[in-house]
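>>> Output the structure for:
(chains A, B, C and D, ligands or ions: 4)
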Amino acid sequence: MLQITCPYCGCRDETEYSFGGESHVSRPAPDAGDAEWSDYLFNRSNPRGIHYERWQHRFGCGRWFNIARDTVSHEIYATYEMGDARPDLPGKADN
Amino acid sequence: MLKHALGRSQKWPPAWRDAMPAKHYDVVIVGAGGHGLATAYYLAKNHGIKNIAVLEKGYLGGGNTGRNTQVIRSNYFWPQSSAFFDRSLQLYEGLSKELNFNVMLSQRGILTLAHSHHELEGIRRWANAIRLNNIDSEIMTPEQIRELMPLINLDCRFPIRGGFIQRRGGIARHDAVAWAYARAASQHGVDIIQQCEVTGIDARAGRATGVQTSKGAISADKISIAVAGHTGVLAKMAGFRVPVTSMALQAMVSEPVKPCLDTVVLSPVIHAYVSQSDRGELVIGGGADIYNSYAQRGGIPLLEETVASVLELFPAFSRLRLMRQWAGIVDVTPDTTPIMGKTPVEKLYISGGWGTGGYKAIPAGGETMAYTIAEDRPHPLIEGFGLDRFQSGALIDEGAASGVAH
Amino acid sequence: MAKRQKNRLAEGGCIDRSKPLAFEFNGRKLQGFAGDTIASALLANGISTVSRSFKYHRPRGVFSAGVEESGGLLTVTSGNGDIPIVRSTLTALAEGKIIRSQNCFPSVNFDLGRSLDFSHRLWSTGFYNKTFKWPHWRWYEATIRRLAGLGKLASGEDNTGYFHHNLHCDVLIVGAGPAGLAAALSAANSGARVVLAEQEHEVGGSLLRQAAEIDGLEPDPWIAATLATLRQSGNVTVMTSSTVCGYYDHNVLTIADRSDAGVKRFWKVRTKQVVLATGAIEQPLVFCNNDRPGIMLAASAMAYVHRYGVRPCASMLVATNNDSAYAAAFSLHDHGVQIPAIVDVRENIAPALVQQADQRGIPIMPGSVIIDTAGFRRLSKARIGRLSKDAQTVLPASRWIRCSGIAMSGGFNPTLHLYSQAGGKLHYNVQLACFLTATCAQQVLVAGAANGRFLLPDALAESVQAGAQAAGNAGFECRPVAISTSVAGSYALQANRISPAGDTHRQWVDWLHDVTVADIEQAAQENFVSVEHMKRYTSAGMSVDQGKTSNLNALTLLAGLTDKPIEEVGTTTFRPQFMPLPMGVIAGQRRADFYQPARLLPAHDWHLAKDAVFEDYGAWRRPEYYAGNGKDRAEAIRAEVLSVRRNAGLFDGSPLGKIEVKGPDAGDFLNRIYVNNIQTLKTGHIRYGLMLNENGIIIDDGVCARLEDELYLLSTTAANADRIGGWLEEWHQCEWPHLELLISPVTSQWAVITIAGPDSRYILQSIDSDIDFSAESLPHMSLSTGVFAGVDARVQRVSFSGEMSFEISVAAKHGQTVIEHLLASSAHLKPVGIEAILVLRTEKGYLHVGADTDGTSNALDVGFAGIVAKKQTDFVGKRSLLRARDQSAERRQLVGIEAVDKHENLQAGAHFVTTDGAAQRSEGMVTSACYSPTLQRIIGLGMLEKGFARKGETVTVFDAGRTFSARITDPVFYDPAGERLHA
Amino acid sequence: MHNRAGYQLSDIDGRSIVRLRVRPQKANSAADALHLPRQAMQSLPGDPASHWLGPDQWLLTSERKSAAEIIATIDSTLAGQLYAANDLSCALACINLSGPHARTVLAMGCGIDMHPDAFAPGQCVRTNFAQLPLLIIASQDAGFDLYVDRGYAEYLHQWLKAAGEDPMTQLAPTHEA
Ligand SMILES: Cc1cc2nc3c(=O)[nH]c(=O)nc-3n(C[C@H](O)[C@H](O)[C@H](O)COP(=O)(O)OP(=O)(O)OC[C@H]3O[C@@H](n4cnc5c(N)ncnc54)[C@H](O)[C@@H]3O)c2cc1C
Ligand SMILES: NC(=O)c1ccc[n+]([C@@H]2O[C@H](COP(=O)([O-])OP(=O)(O)OC[C@H]3O[C@@H](n4cnc5c(N)ncnc54)[C@H](O)[C@@H]3O)[C@@H](O)[C@H]2O)c1
Ligand SMILES: Cc1cc2nc3c(=O)[nH]c(=O)nc-3n(C[C@H](O)[C@H](O)[C@H](O)COP(=O)(O)O)c2cc1C
Ligand SMILES: [Zn+2]
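Ligands and ions are numbered 1, 2, ... in the order given. Coordinates of the predicted model:
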């Protein structure tokens, strides 16, 4: 069971959260072409390695926030607020 | 068999040859799961292509093919899905003979449960669609269900109001399917190369030319990707993106006991499905852990949820012990339909997006991909399964229409 | 009268001879003592054959004294049904237990299934893949299934209490042998919160089975003193009968706790540090007929004399490849077991051991192995051969030695299952011929025998450090305790475990699945040489012990057969559960009513009193209809519908999702969320709206009321309330955080009572209120607030039935009184359930999201093209609607439908079909259908290809094999002009 | 086997409950103005008592003041700012759990560390308890106040009662063979 640290409440069980998928996906303008739009709708980086993703502390404070998590080891390398830039994680390569 | 039983010193022939990679192949298939192996087999058998390699980073059949819950059915909502999956079931029906290897196909029926009046309407909608697709499907009353599986608890937290069954559905031994195809492909001269991880895909001018592997570079006229949960990783090597999310789908088995459940049963509301293997273990499946994962292991919340669900349906299993819990990495597409056919890179083909349900698709998946690779155009049965559907919006959404994806 | 316990020693052991316990084994009445396990009690009574094997039905006896048991898996009756596959070596004996052998017919001593053994060559590895193909597997399957399975499913009521507990600690120590106890002392000393979990019913581990001296004390007093110290420290929890079964991500471990009779607990432990002091499992030797009753692991044999005061057999041959079995031999000898010889594969044996053996008169046979055994049902003799110089063959001369048992030791393999589950990698240590730890992904330390420290002083020295270090890593002071021991001992070993002579078909590797050396040889010949292929092909290690005593031998064999180092062959993957555990334990309290919570209406009790028949809709438990006066379902629904159409009905709409959105940007935000234009909505007015996901698919509908200039109230469908609340937050927090607004879900604060029907206004006007219900001040789609029946209320004039209708929201606590007040005020007002409402809305052609639409329906499919086209600004899902595919006229579109023959039973779930050449093809389906009491015929809604353009057309409907004709109509069957709605 | 419950349950009726929500950027100033806790998991006594729900919201509870009175104070204090004060007196039911095994019972339903050092009197926590969103307030002297959606109150009550079947939650644990 993942132990995820909410930036506001502290470390809690995964069952207190909802998973929101990849973070930092930007929404195209309404006049985007079909290709750009479908890329936004469906394609995700789905990396084997570090995934920048968002979670909501649904059963706790209700806030959305981001984490950087390794999809193989499930280790969480960073936790940061919504709107913050993707952190640099030197030495933690994407594989 | 008898020969071996009586003769002491008889040596058993190898099931498949070990091969070292050659410099060049007509077709290189990445991934020796059921799909990769079946594709190789049909390429050799139906299309006369003999110079084929299947590259496997681990051991053959060790991916999802070797860790799935064995459910086979063809009762799909959309005609395209039904046509494809029923072709697969038909091939399964003749597979032990075709490959001269008993894959232990057990057409014991698969029952889907409804837990409210409104779900019963949904079941009716679904069962009718299936019949229109010319697939057998029968609606059952709670009494009929009880007769089929006396241990079921009709008055569970969400009482069982009915269900429907596909009698031709059932299970087949997962490992045997991989081994049977491997054996047959090897007999046709296919090189199966294990412990050979593909680390790069070479392309020139938008056309695939070969692969980089842990055993060196291999050039090829055509390359096909059949790596299930790793579809996204391989697509990235080739420079394009695919709409899949890799997730850890869990399964588990109990200790083996004497026969106590003769049908595969599945509930979309009480989220679990269960069957009893021929060796006696209950084979149980549930959902996937909620987050992206490439770790072939599952977490606690889903374990609890799945087991609680099984016990809602079958309280009599409460004292039966759970023996082992594992997971496989499945590549889930937005519409739960596979991605098959050509890719943005010429001469590079893909069979992926099998998500939680590609085991039952192995024979037809292999057959149609072989055709697609040989002819360089999608087999008619998989025309709608291409990557282009995400741009056009022509999704074939099984999950959305029927509530059950796999 | 129970018989004398013929193998019980006169003294010694952790049993209480003053507390005899009567039990029954296969109908025989026997006696054991408090402190016994079932296995020790059986052995005490001289029972050698306890079960039959899985495949060949070979007689089997107790094999070990612990979790690795393969023979003593029995069916036990204990007032809680007959439970199969009970580990007799881990289960404490209790008064009155009824114990039976399993997998045998008619009895354990004479089993017909044994014929399978005599024809064993037919059933070698993969037999089912190669045979039974003709004519079809189904001809054989039922027979094979009946033969398989260990025991029958437990029968009878399960009275066990299953409970989950959660626990946090700084250091979790797994295993309470000397290593675990020492680690606990150090960890406790640091002030950390420590949990010590031991699977057996008492702590001590290997100390319970051997002579030792620690801090000047014998094992028992030292254990007692240590326990006392730990308990006094206040920060240590000691758990016994508690098996750590799973090691999951982020240092969360699970414990199955059987310490209270009748209760099983599942602990989920979140810990900062783990110390694995799980000891090591002795590995068996492989020789011909090595599975006969009486053959057991040496340390286990020693455990029976030391811990239980039981002689496993009268005479035991000791066979070993290492020093440890000498202690067993001496112990057994000293407790009256005759030791005919110690058979040792090694040529050179430590002089100290030789000397001790000489003192006892035990002959040692160096450089020798057992090559066969004999005995009918119980062991009578073993054949010993001398190894050649290179240990690869056995010299021709051999000799039989009489014995009733064999105590064997192939050396120890650390119990690293949990370490591997934690992401730990193992490496093979050639010198110790076992796997040791390499690196691990998680915060874990390994100590004692689990870390290859097989000698007590080493184990203790390492463990006191490990316990302190774990506490240190967890942020506490690192304060190792000091423990001294005078025991020296030795553990020299020669790696051979497998006898080079004899029929490999009769050399067992996996006792539980009856896997022999021949099976592994065959797998190798057939090229199943990956360790995972070998496992799956032979099924070695796949039974209920998960290979605790077979994996190492199997892969040692495989390495030999493939000419690879063992390291390269590697192990198979270790997975939870370390020991199988009942599914009830995993589900815990999550059963029946607690499987999933039911959400009750504020006036639940009132509905109950009104004979409501409830059903679950999403999380809510709601009245489906009211079965007063013995009405059946259809009848009740019909009457309820008519009461609304003719007079008035009262419907409890409390589950309606209610979300307030407040702030200067609230209107802007909602305009981005709804398909409909919200910016033109005036204060005091209400608008119906549709919500889409980004793919253009309808996810919810409901009304949006503008309560104040900067305050909106959204209604969502009941089932979606929480989901939509979360969805709004996600858009706000993640996509448009700059918008100034606040989202406040308030669903449960309000009871919502809907009064619908032509009499509704008149009924409301008869109630004491300052709200003006007239058509002029409260027109359709407007709202008003005031005092109603003495309480604050908000009244929204909206309708889901097509009648004039008022939704009255009052504080939930007043819901029931307001309902009672209303019903008392008019004899024309009748309660109506959700099914009647669904009929009413079908008559009116109102959409039921999730029934008429599914995950493929977009906004255009339900007639929103005009609204979408008119709206200038962006909204969620808009862009997707612009795709050609979404705009296509070929899509399935919402229509009304009625059967041409009005008696025809049109049902939701039927399909529209067209004939495409020979085949019928679905063109869509009936999504809602009902008998309309108002129109007195069956009507329905459906999604039909090109449906908008096909009004008036006659189509074919298919249902369960039948077809009939139906007419496509406008979806609005009732009051198309909306006169009643706007009345 | 004798059953002596090591904990007690009682329904608490009539408490006024208000949830206040503000924009996260304004949370500190609002907290200061209204004397609300700024620290995670903190409960402050007072009338109303205030409990931290998140970085932008609080629950205010009172035995004596009405919800309208509480909201009126907020209205006057935060006039001119964006805030949402909602009366939830009916939306939430409150169950008090007390007794020596109260923490044992709480640890059966959720993954919060119930050790008194980790969750001390004067703290509150929102969590997933037996599949429900639950606010647990550790009061200084009267055990725990549990705030649950009123629709789930019956389920929670039954669940808490059923926990008493585990001997661990009983005063004299029974260890019968
Ligand atoms: C727990 C679980 C239960 C399931 N239950 C069912 C079910 O009941 N019914 C059903 O129909 N389906 C089920 N499925 C789905 C089904 O197992 C899969 O869809 C199917 O096995 C996919 O087959 P495949 O050949 O495409 O993939 P796999 O069998 O996964 O084979 C892909 C292979 O590619 C290899 N590979 C990956 N990357 C590389 C690389 N870079 N280089 C070389 N090789 C590589 C992998 O090692 C693997 O062996 C289940 C899946 C799981 C995990
Ligand atoms: N003579 C030998 O060669 C030999 C070999 C092995 C061990 N030993 C003795 O054991 C000493 C080492 O002691 P130790 O404490 O490391 O081992 P140990 O065997 O004494 O204790 C390990 C304990 O862990 C428990 N355990 C294992 N897995 C568990 C799980 N998943 N959950 C709960 N409990 C679990 C076992 O029941 C056992 O009580 C040695 O110093 C030696 O005296 C001797
Ligand atoms: C249908 C099916 C039945 C299985 N039955 C058993 C079994 O009886 N015993 C066992 O140990 N494992 C069984 N397994 C699980 C495998 O041992 C293994 O865990 C699984 O194939 C995943 O591989 P991995 O654990 O090596 O990663 C079964 C798996 C499947 C798919
Ligand atoms: Zn939080």
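
>>> quick one, phi psi at residue B:275?
phi -150, psi 170 (degrees, to the nearest 10).

>>> Torsion angles phi and psi at the closest residue to it other than its chain neighbours?
Spatial nearest neighbour of residue B:275, chain neighbours left out: residue B:264 (4.1 Å); criterion: CB to CB, 6 or more residues apart in numbering or on different chains. (Each C-beta comes from the backbone N, C-alpha and C, glycine too.) Phi and psi for residue B:264, reported as degrees, to the nearest 10, are phi -80, psi 130.

>>> who does residue B:264 bridge with?
On DSSP bridges, the residues paired with residue B:264 through beta bridges are residue B:110.

>>> where does it land on pLDDT?
Residue B:264 carries a pLDDT value of 98.

>>> What of residue C:299?
Looking at residue C:299, its pLDDT is 97.

>>> give me the element it is part of.
Taking DSSP states H and E as the criterion, residue C:299 maps to helix C:298-308.

>>> Then residue C:181?
Residue C:181 belongs to helix C:178-189 when elements are defined using DSSP H and E.

>>> contacting residues around the helix or strand just after that helix?
Scanning forward in sequence from helix C:178-189 by DSSP H and E, the next helix or strand is strand C:194-197. The contact list for strand C:194-197 (CB atoms under 8 Å, 6 or more residues apart in numbering or on different chains) reads C:167, C:169-176, C:180-181, C:184, C:187-188, C:203, C:230, C:235-239, C:242-244, C:255, C:269, C:271, C:471.

>>> Can you name the next helix or strand after strand C:194-197?
Note on strand C:194-197: by DSSP H and E, the next helix or strand toward the C-terminus is helix C:219-233.

>>> list the buried ones in that next one?
C:219, C:222-223, C:226-227, C:229-230 (16 or more other CB atoms under 10 Å in any protein chain shown).

>>> So which of the residues you listed is the closest to residue B:118?
residue C:230 (57.1 Å; CB to CB).

>>> Is residue C:614 in a helix, a strand, or coil?
strand (DSSP: H, G, I helix; E, B strand; the rest coil).

>>> what's the burial count for it?
19 (other CB atoms under 10 Å in any protein chain shown).

>>> ok, now residue D:25?
Neighbours around residue D:25, by other CB under 10 Å: 9.

>>> ditto for residue A:71
By other CB under 10 Å, 24 other residues sit near residue A:71.

>>> tell me how far the ends of stretch C:543-557 are from each other?
The first residue of stretch C:543-557 is 19 Å away from its last residue (CA to CA, to the nearest Å).

>>> where do the strands sit along the stretch 101-250 of chain B?
B:110-114, B:138-140, B:162-166, B:170-171, B:191-193, B:198-204, B:207-213, B:216-225, B:245-254 (DSSP state E, counting those that start in this stretch).

>>> Would you reformat those as CSV and include mean pLDDT and mean neighbour count?
Output for the strands of the stretch 101-250 of chain B, formatted as CSV (pLDDT from 0 to 100; neighbours: other CB atoms under 10 Å in any protein chain shown):
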stretch, mean pLDDT, mean neighbour count
strand B:110-114, 97, 25
strand B:138-140, 96, 18
strand B:162-166, 97, 23
strand B:170-171, 97, 24
strand B:191-193, 98, 22
strand B:198-204, 97, 17
strand B:207-213, 98, 20
strand B:216-225, 98, 21
strand B:245-254, 97, 25
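
>>> What residues are bridge-paired with the spatially most central residue of chain A?
Of all residues in chain A, the one closest to the mean position by CA atoms, centre = their mean is residue A:53, 0.8 Å from it. Taking DSSP bridges, one obtains residue A:22, residue A:67 as the residues bridged to residue A:53.

>>> Equivalent analysis for residue C:753, please.
Going by DSSP bridges, residue C:753 forms beta bridges with residue C:652, residue C:808.

>>> gap between the two ends of stretch D:21-36?
End-to-end distance (CA to CA), stretch D:21-36: 12 Å.

>>> let me redo that: stretch C:465-481
End-to-end distance (CA to CA), stretch C:465-481: 8 Å.

>>> Go through it and flag the buried ones.
Neighbour counts over stretch C:465-481 (16+ other CB under 10 Å) mark C:465-474, C:476, C:478-481 as buried.

>>> is chain A contacted by it?
No. In terms of CB under 8 Å from any CB of the partner chain, no part of stretch C:465-481 sits within range of chain A; the closest distance is 14.0 Å.

>>> How about the residues of chain D by ligand 3?
Nowhere does chain D come near ligand 3, counting by CB under 6 Å from any ligand atom.

>>> sorry, back to before: list the residues that contact the residue nearest to the centre of chain A.
Listed by CB under 8 Å, 6+ apart, the contact partners of residue A:53 are A:19-23, A:66-69, B:291-292.

>>> One more: residue C:910?
Going by CB under 8 Å, 6+ apart, residue C:910 touches B:124-125, B:128, C:925-926, C:929, C:957-959.

>>> what's the farthest-apart pair in the residues you listed?
Taking CB to CB, no two of the contacts of residue C:910 sit farther apart than C:929 and C:958, at 13.7 Å.

>>> the more surrounded of these two?
Counted by other CB under 10 Å, residue C:929 and residue C:958 do not tie: residue C:929 has more neighbours, with 24 against 20.

>>> Check what pLDDT that one gets.
We have a pLDDT of 97 for residue C:929.

>>> And for residue C:224?
pLDDT, residue C:224: 97.

>>> before we move on, what SS does residue D:72 have?
From three-state DSSP, the assignment for residue D:72 is helix.

>>> Below-threshold pLDDT in the chain: ranges please.
Picking chain A for this. Scanning chain A for pLDDT under 70 picks out A:93-95.

>>> My question was about chain C, not that one.
For chain C, applying pLDDT under 70 flags the ranges C:1-3.

>>> Let me know the secondary structure of the closest residue to residue B:291 other than its chain neighbours.
Among residues not flanking residue B:291 along the chain, residue A:19 sits closest, at 4.9 Å (CB to CB, 6+ apart). The assignment at residue A:19 comes out as strand when based on three-state DSSP.

>>> Against ligand 4, how distant is the closest residue to chain C within chain B?
Relative to chain C, the nearest point of chain B is residue B:400 (2.3 Å; CB to the nearest CB). Counting by CB to the ion, to the nearest Å, the gap from residue B:400 to ligand 4 is 32 Å.

>>> Using PDB, write out every CA atom in the host helix or strand of that residue.
Under the criterion of DSSP H and E, residue B:400 resides in helix B:398-402. Provided in PDB are the C-alpha atoms of helix B:398-402 (Å, rounded to 0.1, in the frame of the first residue of the first chain):
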ATOM      1  CA  GLU B 398     -16.600  -2.100 -25.100                       C
ATOM      2  CA  GLY B 399     -16.200  -0.900 -21.600                       C
ATOM      3  CA  ALA B 400     -18.500   2.000 -22.100                       C
ATOM      4  CA  ALA B 401     -21.100   0.100 -23.800                       C
ATOM      5  CA  SER B 402     -21.200  -3.100 -21.700                       C
END
